[in-house]
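Colleague: Sharing a sequence plus its predicted fold:
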Amino acid sequence: MTANSRCSAAEPPGLETQRREVESLLRECELCAGDSWYLVEHRWFQQWKEFVETGDQNSSSFPGQIDNTELFEDLDSYHVKERLVENEDFVLVPAEAWHKLLVWYGMVVGQPPLERKVVDLPSTLKVEVYPVEIFLCLHSNMDNVITAQFSRADNIQSIQRAMCQVFSVPPGSECRLWMKSSDSSCERLRNLHVSVLDACLSSGMTVIMETRNADGTWPSSRPQIMRNSVEDQDSYRGQSGVCGLTNLGNTCFMNSALQCLSNTPPLTEYFLQSSYLEELNFTNPLGMKGEIAEAYADVIKQMWSGRHYSVVPRVFKTKVGHFASQFLGYQQHDSQELLSFLLDGLHEDLNRVKNKEYIELRDAEGRPDQEVAEEAWRNHRRRNDSVIVDTFHGLFKSTLVCPECLKVSVTFDPFCYLSVPLPVSKERVMEVFYVSLDPYAKPVQHRVVVPKAGKVSDLCSALSEMTDVPPSQMVVADVFNHHFFKIYNSDESLSCILDRDDIFVYELSVQEEQQEEQVLLALYLRERSHYRDYGSGSSSYGTSLFGHPLLLGVPRSSCSQEALYNLFLQRLARYVRCPDPSEELEEEEEDDDEEDLYKTQTNGISDDEQQEEAERVEPSQTQLSEDATANSQSDATATVDPPPELNHTQPPQDHSQEAPNGSGLQTELLPPAAGTSEESLCGNTSRTDATSESPAEQTPQPGEEEREEDKQEEACSPSPLTNEQSTKRRACPKRRKSLFIIQAVNSNGTTERGSGEGGSAVSFSSQPYVAIDWDPDMKKRFYNENEAEKYDKHSSMEVPQQQTTVQLQECIELFTTVETLEEENPWYCPVCKKHQLATKKLDLWSLPEVLIIHLKRFSYTKFTREKLDSIVDFPLRDLDFSGCLLRKKLSNGEPPSCYDLIAVSNHYGGLRDGHYTSYAVNKDNGQWYYFDDSKVTYAREPQIVTNAAYVLFYHRQDKIRKPTLPPPNTSPASSTPQPANETITSCKDDGAEPGASSYVTMETD
């Protein structure tokens, strides 16, 4: 309100009335934060007081129009002078008094009223004579700077409105402000409702405003965008929402969850319309100060801009790791756990309830369910009100019954998703190799059904029914990298054995009562290198394990070198040919020549030195080798496919490979069985020439690579041994005719040990392990690798394994089944006054607009950990919950309970590794897509139901909006079942082979 002359519409009151009214306002008005007060020049105000005190309207002391000229530095900018003093240079009057004076006397033409706000400073209220003077500019034009003044009581939104007006920003543009101080550092002004004072804005600072680009990015922090070429940066136009997410390193779990949420129509439209900006909650102590919501909004707007092939969600990943430390780094995680955190974080960041009131929960106490449910939902909405609650929250009924006093407690609790269990079978199928006593019998692969909670003895019993061999004559062992990773006791749990383990069951001979005690002897096969290894200061020959080990029952008296040599020849008779006398003589001469050749290649070690070392070796001792080089080929089982570069068909010419690193491998042993032993060896060496008969041709199971790494870490490192060589064995001429040399070793077959007492080749202080070392030439002549690799398949292997299929309805019914609480989670009974293992039953009461169903595929118990690969048959349309809802009769206006599928999060792999992808239907064109990190391909409905489905997203039919665009023209479906038919978006940086766009490569992170 401004007046330019003394004239007014109403005649001013008498002078006494004027004096009384103004003085009353000056005396009674108190400072209140946010109120307006006005500056009046001190001289003019004093003259006015004299004028009204005279009581004469024609007095010469008439003040005239309000004139604040003395308060301005100049009359062009009307900038207030610095260092003005109250009651000397100016007087502060409340807004009501100012308006009265303005009506009565008017104001000098052109002068602005000097309005000032009352600010709430720490511990005091004060009229802000000098407002904050800040500089305003746009991010796109930093040179065009405008100066403006704002009160410390103004909010940041008023600055944004002023900047939009000054810089002519188009209406509807999404803006954000940055505060720049003198040290050039910038800080986001996130909360537009906070005051200038609370935002720490002071005079001299600069506020920069930027507007969101058309592709959803911000000019100040444009993220990396995966594009096929530089030319495509501004020309690409794709379907909105059909956009990949780059894998930052084991972040496929996050990408899968984001793609499912991105294709949830009500949530995505909420963010695309920028409705979240008005609901950001910066004061919620349970929230993330709005940062999670803003980071998620940035990802969604970029994905739905239609201008990106793939988006790099690095900022979002950083924000998630900042507020949830479990997601820091680049380890693999669970997509459902990320989804749970994200929904909760978005809810708290967007909670419309700023101050949550305390609400005491009441039990039903016999009241009708309808009344209790409505009360529970009202109480929930009084503390939790957000788009997440509107979209994802439902209500279920929880009934607890005390087993002692039969007290029934009924409560209604909200839920954001349903975690439904899968029916768990009490049995498991195991594949094992059975090695019989017959030396000429090949190993036989069996498929047996055993109890999940069973013991090793149960495995032997199941195998006994197929082989007619008593379980007492069986020993079970885990073979890995040509040595025994573990020898199991009969009372050990089968849960220790994973499906990918290579399990061998060895038959032992019957031990008679009067027969002497037997030793359970573990036998390894090793190949000696052509050249010696001097890497660790020793001149012994390097060795490498090959083939499969054996378990033999050997009488103690038969553990001499000669007895074991003949026994081993007998056990290996199927694939080891015994030389005839003429070959032995030739071999002896070759050995002499070969030893002489080795002596000339010792790199500085003289013959005399070698002779001295050889003389120090006792005649009964075996050859000791140094730095055993472990063959990294896997065992001949149905789960491992060997690397093609590892080939022991020819003698190795390079012994520089290191044995598996690590130490401390603990092998549990069975007690020795008595009786003579006539077992045969399943000798699986090189698998380079493996045919269809070889177990190496079987499909590798997911996670085998990690399994191998784990076991290599536990394998012992080779330790060098010196001063014991066998290059000269003239004291024992028979050994030069031997096909192999027997050596006592450790459990890994990499470190030699001393001989036993009384001329025995092994020590009986612990589980004995021996290795037979082959010269490469002898192995090539007398060891038949092809025959050693052969095995037979039992008829049980021919029966195809049927994939277990369950209906989604069965899982939901299992969710609502009565269960007894576990001891770790008892319920406190208010009647018994103690904790009870009550029975609990959950029932669905009301369902949300978007229903998330989490299939609990990962099963963890005290004894087992497994992933359930059962196929859950879930409908793509018309999922009807009317039979599952506890409330059978719906009142008028209540929504139906039929749902259609809109997204699926998939998990491929096992417990500790795997890969996440997702299927989703686009809300605009109704087409299904397959999202595999940065690759996006068309999908067909028959592909969606698989045993990899992990999290399901269903949208209620009454809320589904019809597509606004026609479906795209997809290529003809491929006859080969693939996760997708045709690549829509793919980045050249992904390393995909040319021409392979119609296939999706499933890779483990």
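Modeller: Yes, it's here. Residues are numbered from 1 along each chain as shown.

Colleague: Helices of the stretch 701-850 of the chain, residue ranges please.
Modeller: Counting by DSSP state H, counting those that start in this stretch, the stretch 701-850 of the chain has helices at residues 704-714, 776-782, 785-789, 795-798, 808-815.

Colleague: least reliable of those going by mean pLDDT?
Modeller: Lowest mean pLDDT within the helices of the stretch 701-850 of the chain: helix 704-714, a mean of 44.

Colleague: what about the residue lying closest to residue 401 once chain neighbours are set aside, distance to residue 903?
Modeller: Across the structure, with C-beta to C-beta, 6 or more residues apart in numbering as the measure, the residue nearest residue 401 apart from its sequence neighbours is residue 839 (4.9 Å). Every residue, glycine included, has its C-beta placed from N, CA and C. As defined by C-beta to C-beta, to the nearest Å, residue 839 lies at a distance of 35 Å from residue 903.

Colleague: more neighbours, these two?
Modeller: Looking at residue 839 and residue 903 with other C-beta atoms under 10 Å, you find the greater number of neighbours at residue 903, namely 27 against 15.

Colleague: Make sure that one is actually in contact with residue 259.
Modeller: Yes: taking contacts as C-beta atoms under 8 Å, residue 903 lies within contact range of residue 259: 7.3 Å.

Colleague: can you give me the strands in the stretch 1-150 of the chain?
Modeller: With DSSP state E, counting those that start in this stretch, the ranges of strands along the stretch 1-150 of the chain come out as 36-41, 90-94, 115-121, 124-127, 132-138, 141-150.

Colleague: Give me the helices and strands touching the longest one, please.
Modeller: What it means is strand 141-150. strand 132-138, helix 156-166 (3 or more C-beta pairs under 8 Å, 6 or more residues apart in numbering; DSSP states H and E).

Colleague: hmm, 10 Å instead?
Modeller: Applying 3 or more C-beta pairs under 10 Å, 6 or more residues apart in numbering; DSSP states H and E, one finds that strand 141-150 makes contact with strand 132-138, helix 156-166, strand 206-211.

Colleague: can you put the ones you listed in TSV and add distance to residue 403?
Modeller: Putting those into TSV (distance: least, C-beta to C-beta, whole Å) gives the following:
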stretch	distance to residue 403
strand 132-138	68
helix 156-166	59
strand 206-211	64
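
Colleague: need the ones you listed in a markdown table with mean neighbour count, distance to residue 849 and mean pLDDT, can you?
Modeller: What follows is the helices and strands packed on strand 141-150, written out as a markdown table (neighbours: other C-beta atoms under 10 Å; distance: least, C-beta to C-beta, whole Å; pLDDT from 0 to 100):
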| stretch | mean neighbour count | distance to residue 849 | mean pLDDT |
| --- | --- | --- | --- |
| strand 132-138 | 18 | 40 | 90 |
| helix 156-166 | 16 | 31 | 91 |
| strand 206-211 | 20 | 32 | 91 |
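
Colleague: So for residue 87, which of the ones you listed sits nearest?
Modeller: When these are ranked by distance to residue 87, counting by C-beta to C-beta, first place goes to strand 132-138 at 24.0 Å.

Colleague: Residue 289: what's it in contact with?
Modeller: The contact partners of residue 289, taken as C-beta atoms under 10 Å, 6 or more residues apart in numbering, are 190, 191, 280, 281, 282, 283, 323, 348, 349.

Colleague: List buried residues within these.
Modeller: Buried members of the contacts of residue 289, scored by 16 or more other C-beta atoms under 10 Å, are 190, 191, 280, 281, 282, 323, 348, 349.

Colleague: Next, format these as JSON lines and append distance to residue 249, secondary structure and pLDDT.
Modeller: Rendered in JSON lines, the data for these read as follows (distance: C-beta to C-beta, whole Å; DSSP: H, G, I helix; E, B strand; the rest coil; pLDDT from 0 to 100):
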{"residue": "190", "distance to residue 249": "29", "secondary structure": "coil", "pLDDT": "86"}
{"residue": "191", "distance to residue 249": "33", "secondary structure": "coil", "pLDDT": "86"}
{"residue": "280", "distance to residue 249": "30", "secondary structure": "coil", "pLDDT": "91"}
{"residue": "281", "distance to residue 249": "32", "secondary structure": "coil", "pLDDT": "91"}
{"residue": "282", "distance to residue 249": "32", "secondary structure": "coil", "pLDDT": "89"}
{"residue": "323", "distance to residue 249": "20", "secondary structure": "helix", "pLDDT": "92"}
{"residue": "348", "distance to residue 249": "28", "secondary structure": "helix", "pLDDT": "94"}
{"residue": "349", "distance to residue 249": "26", "secondary structure": "helix", "pLDDT": "94"}
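
Colleague: Which of those sits closest to residue 429?
Modeller: If you rank those by distance to residue 429 using C-beta to C-beta, residue 323 comes first, at 43.3 Å.
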